[in-house]
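1. give me coordinates for this.
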Amino acid sequence: MSRPAIIDKLDYFLRKHMPPDEECFAVYLLVEIRKVMEHDKSASNPFLKFYADWSVHTSKDRLTPQMEQILNEIY
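-> Here you go, the predicted structure:
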């Protein structure tokens, strides 16, 4: 899906479900934001990427340096 199409979907979603008051809305929001981030390879937000990934994976089999940094800051 193209970046503009994802942005349009996010705009529509946010108009209907802001603030996200159910888990499924929060997960959808994170997944769609992650898609935009993949299109914008130069834009990096390790915290947002971490939580977006975490929202759809029950476990992680490899840790990136950014993930290790975030986990160290949490602990």
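
2. so where do the helices sit in the protein?
-> According to DSSP state H, the chain carries its helices in the segments 3-16, 23-39, 46-56, 65-74.

3. output those as TSV; include the columns mean pLDDT and mean neighbour count.
-> For every residue, glycine as well, the C-beta is placed using N, CA and C. Formatted as TSV, those follow (pLDDT from 0 to 100; neighbours: other Cβ atoms under 10 Å):
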stretch	mean pLDDT	mean neighbour count
helix 3-16	94	12
helix 23-39	92	15
helix 46-56	84	15
helix 65-74	83	12
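
4. what residues are up against the nearest residue to F47 once chain neighbours are set aside?
-> Leaving aside its sequence neighbours, F47 sits nearest to I70 (Cβ to Cβ, 6 or more residues apart in numbering; 6.3 Å). Contacts for I70 (Cβ atoms under 8 Å, 6 or more residues apart in numbering) come out as P46, F47, F50.

5. neighbours of P20, just the number please.
-> As a burial measure, P20 scores 15 neighbours (other Cβ atoms under 10 Å).
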